[in-house]
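Colleague: When you get a sec, could you give me coordinates for this:
(2 chains)
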Amino acid sequence: MTITRREIIKAGLAAGTALSMPTILRAQTPDDARTVRWVASNVFVFDPIISVTAGYHAYQIYDTLFALDSKGMPQPQMVGKWSLSEDKKTYTFQLREGLTFHDGSPVTAADCVASIRRWSQVDSGGKLIMAIVKDISKENEKTFTITLNEPLPLLIPLLASSGGYYLAIMREKDATLPPTEQVTANIGSGPFKFNNALANPGVSFTYDRNEQYIPRQEPADGYAGGKVAKVDRVVWRVISDQQTAVAALQAGEVDFLATPPSDLYPLIESDPNLALENVNESGRVMFVSMNFLQSPFDNAKARQAMLHLIDQEAIMLAAGFNPKYFRPVKSIFGNSTPYSNDENTGWYKKGGDPEKAKQLFQEAGYTDEKVVILQSTDWPTASKAAEYLAFTLRKIGVNAELAPSDWGGVAKRRANKGPIEDGGWNIYVNDWTDAELDNPISVPLFRANGADAFFGWPKNDQYEVLRAKWVKIETLQERKALAREMQSLAWDFVSNVMLGQYFEPIARRKSLTGLVHFHAAYWPMWNMQKASA
Amino acid sequence: MSAYILRRLVSAIAVMAMVGAFVFLLLRLAPGDPAAIIAGRNATAEIIANIREQLGLNAPLPVQFIHWVRQMLGGDFGISIFSGRPVLELISQRLEPTISLAILTMMFSVSVGVSFGVVAAWRSGRLVDRLLAAFSALGYSVPVFVVGYFLVYFLAIRTHWLPVQGYVQINQGLGLWFVHLILPTLALSLGFIAFIARVTRASMLEVISEDYIRTAAAKGASSYSILFHHALKNAGVPILTVIGISFAYLIGGVVLTETVFNIPGIGRLVVDAINNRDYPIIQSVLILTSGLYVLINLAVDLAYSLIDPRIRY
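Modeller: Predicted structure coming up:
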């Protein structure tokens, strides 16, 4: 058999056509410009009342009564009009016209009442409301009231809060489920509908534009304003390997990357088709919690030593953060909240003060006992921060020992209040959304009530008296003054030690524009649009 | 033979039961708490305790075990702790990518690996043999993720010839399905080609020194006929064993390749489930893959008698 040159050329052309097929098919997809391919972490819980991690998914499909604007101020969202009685105890809320759930049923006052009741069983702010509530009931199909036994100036901010367990309005039949039983119907009244038929956990989730949604007339402003879905579909893909995700972005297979790795920022910045954009303008605060129940951190001197020891810049660099995207934090109220202040921050020193720390450990009576640092190996930045912390402690003579495991292991062990011999711990690294540090009532990190406090169980009765005052105060100025008083005490008894505030810019193709900027945790899908390829 | 097959099937059930019991205990004794992972990093102890209660994780271990065994005996693989979806549904979603990748990889690896092995044996000690030996050493030693990123850079990012990542189901178009699997198949095949080529070469070298091969050559049989009709068939048993083991390995999920090319296969399902402590998924997948292992080995054993009539069961 002989093969002619012409046959070889034909075979080559056929092979070339076959190899270029994906590119051709991509270009021929009719709604490509109306579909955003979005890469974010896996959605493994769908109900925002079961887990705060569900918020990333839930924020797209469940609407809210109120929402925080880009300045962190609450604005009506589903609520059209609201009023407060003269005695400041009864709030009346009227829903906007035309709100419907994705199954076509209208949103009613009964849905809102049931949703508030369910939310208030898990959220600290909701619990606070329920502690003084006299009645929550519907007046008619579109109106409901909250009647309190005493005034609560924080009620609207609590209903609007996007931190922690946010108040997602669900159908009454979903919202009457216990807060420990997951709602998986995924039927909200928000600007996007969850496409259940295309859901493939661990792989991809699809969100379709809710054509029935009536956005507010105001422009989008943080989570407030008009939530206009400008694309028909958002396909949320899970790409577990970051390098692959960036390669897919470069190749134009995806449009948006929620958390590109910081070591690839230069690569992204050098690509003319890509951009980094810091949409979450408040970022997150990384911190260290210490165990108040075990030696040496049962002694305030040892905790103060940690405050002096930490060199925030060095530890954030060691953790792998890009210097353009982190800054030090000196306030327990973070950097971006109205209550951020500089009260009692004399401990802060660029480079830290290891000598002072060493002296304080000695004053605390530290005698070479083991200091166990929980290290979450599947959370790279926290893992490296823990390593650097151990290194820093060893340099001043502290017998620091890392206890590596994945986050699942850390999460279980941090609940152990026992001594080290019984599987206890001394230090672990965690983080929190900076913008949420404006609420010492809802955010458990602010608690210093011992056994009921967050992991580490800090205790300070004087501070708790001040914290209890927070809900009674009506004006911003008064709350700012109280924030200073609280911080003054907090940096003396030292419940946590700040490591730094960091920002995680998203990466996008330049054809994707209009991303909403915000001060919280969740990336909104509304308002963005895509230019034709 | 039917008695032999029955015995092997019974042993498969026994193996699956032992794997199930072992995995159940191992998971419960390992550190980690699915309730804490569901609740998120900033959840309080009270919230975590409520979720744990709801999931039934507070029940004594023997009670949990008996409940699970009853479920399994009724053919119920349970519900994923995290997604709330039936485990069998999640597994079935992941089977197609895994089987597709396994079949393509084996087809490519066997055709290339066996050919390389035969040629290397035929030209033993010569330049071709040495080049193939070097290729095999490279195939063994270069990690799949290095090959993967290399292929992605040159064949996807630079040239846009092939997609970087992802999987398209076969019912969405044969062409799209195939092009999405070219890079992962190439990356994964390198090691298997090297492995199969070395085993084939060794096996062929033993056979081609036999008298009947010399007789065939003396009778004027062509090199092709000697190598592929006379020698390869008799060298086939160890090669078939290697192919069987490799295929069973591939069906169990190849996590690195699935991760680099974002293929939603069984391997990634298990790794995600392990990270989340999603017990029902981990238990079910491991039981099913252990059963598959036994069945594939059985199929390989039965295939021996097809290529070597002297083998009888």
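
Colleague: Indicate the residue of the stretch 201-313 of chain B located nearest to chain A.
Modeller: For the stretch 201-313 of chain B, the residue closest to chain A is B:P264, as judged by CB to the nearest CB, at 4.0 Å. The C-beta positions use only the backbone N, C-alpha and C, and glycine is treated the same way.

Colleague: who are the neighbours in contact with that residue?
Modeller: Applying CB atoms under 8 Å, 6 or more residues apart in numbering or on different chains, one finds that B:P264 lies in contact with A:200, A:202-203, B:93-94, B:97, B:167, B:258.

Colleague: Over to B:L232?
Modeller: In this structure, B:L232 makes contact with B:114, B:118, B:204, judged by CB under 8 Å, 6+ apart.

Colleague: ok so, going back, which among the contacts of B:P264 gets closest to B:N50?
Modeller: Distance from B:N50 was checked for each of the contacts of B:P264 by CB to CB. The minimum falls on A:G202, at 25.4 Å.

Colleague: Surely B:I287 touches B:V19?
Modeller: Yes. The criterion here is CB atoms under 8 Å, and B:I287 meets it with B:V19 at 5.7 Å.

Colleague: Looking at those two, which has the bigger crowd around it?
Modeller: More crowded of B:I287 and B:V19, by other CB atoms under 10 Å in any protein chain shown: B:I287, with 21 against 18.

Colleague: what does the model give the more buried one for pLDDT?
Modeller: At B:I287, the model reports a pLDDT of 88.

Colleague: Could you check which helix or strand contains it?
Modeller: Assigned by DSSP states H and E, B:I287 falls within helix B:279-307.

Colleague: on contacts alone, who are the packing partners of that helix?
Modeller: Using 3 or more CB pairs under 8 Å, 6 or more residues apart in numbering or on different chains; DSSP states H and E as the contact test, the elements touching helix B:279-307 are helix B:2-29, helix B:87-122, helix B:236-251, helix B:266-276.

Colleague: Give me the neighbour count for A:M73.
Modeller: A:M73 sits with 16 neighbouring residues when counted by other CB under 10 Å.

Colleague: So what does it look like in phi/psi?
Modeller: Backbone dihedrals for A:M73, given as degrees, to the nearest 10, come out at phi -100, psi 140.

Colleague: gap between it and A:H519?
Modeller: In this structure, A:M73 and A:H519 are separated by 10 Å, where distance is defined by CB to CB, to the nearest Å.

Colleague: any idea how far the nearest residue to A:E141 once chain neighbours are set aside is from chain B?
Modeller: On the basis of CB to CB, 6 or more residues apart in numbering or on different chains, the spatially nearest residue to A:E141 that is not a chain neighbour turns out to be A:T108, at 5.1 Å. Going from A:T108 to chain B by CB to the nearest CB, to the nearest Å gives 26 Å.

Colleague: Nearest to A:S340, out of the contacts of B:P264: which one, please.
Modeller: Taking CB to CB as the measure, A:G202 is the one of the contacts of B:P264 closest to A:S340, at 38.7 Å.

Colleague: Go ahead and build a PyMOL selection from the buried members of the contacts of B:P264.
Modeller: Remark: buried members of the contacts of B:P264, expressed as a PyMOL selection using 16 or more other CB atoms under 10 Å in any protein chain shown:
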select buried, (chain A and resi 200+202+203) or (chain B and resi 93+94+97+167+258)
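
Colleague: what about residue 198, which SS state?
Modeller: Using chain A. Assigned with DSSP: H, G, I helix; E, B strand; the rest coil, A:L198 falls in the strand class.

Colleague: not what I meant, chain B
Modeller: Three-state assignment for B:R198 (three-state DSSP): helix.

Colleague: didn't it look like it was pressed against B:A134?
Modeller: No. Contact status for B:R198 versus B:A134: not in contact, 12.0 Å apart, counting by CB under 8 Å.

Colleague: higher neighbour count, these two?
Modeller: A side-by-side neighbour count of B:R198 and B:A134, using other CB under 10 Å, places B:R198 first with 21 against 10.

Colleague: Quick one: low-confidence residue ranges for the chain.
Modeller: Let's take chain A. Confidence mapping of chain A against pLDDT under 70 gives the ranges A:1-31, A:532-533.

Colleague: my question was about chain B
Modeller: Where chain B drops into low confidence, which here means pLDDT under 70, it does so at B:253, B:313.

Colleague: Identify the residue spatially nearest to the residue nearest the centre of it, adjacent ones excluded.
Modeller: Residue closest to the mean C-alpha point of chain B, counted by CA atoms, centre = their mean, is B:L250 at 1.3 Å. Leaving aside its sequence neighbours, B:L250 sits nearest to B:A102 (CB to CB, 6+ apart; 3.7 Å).

Colleague: For burial, what's the neighbour tally of that neighbour?
Modeller: There are 23 residues near B:A102, going by other CB under 10 Å.

Colleague: Who are the contact partners of the nearest residue to A:Y59 once chain neighbours are set aside?
Modeller: Closest residue to A:Y59 in three dimensions, ignoring its sequence neighbours and counting by CB to CB, 6+ apart: A:Y522, at 4.3 Å. With contacts taken as CB under 8 Å, 6+ apart, A:Y522 has the following neighbours: A:55-56, A:59, A:162, A:223.

Colleague: Select from these every entry located in helices.
Modeller: Among the contacts of A:Y522, the members falling in helices (DSSP state H) are A:55-56, A:59.

Colleague: what residues are up against residue 190?
Modeller: Went with chain A since none was named. Counting by CB under 8 Å, 6+ apart, A:G190 has contacts A:59-63, A:210, A:213, A:227.

Colleague: Correction: the question concerned chain B.
Modeller: Remark: with contacts taken as CB under 8 Å, 6+ apart, B:L190 is in contact with B:138-139, B:142, B:144, B:147.

Colleague: Cool, thanks, talk later.
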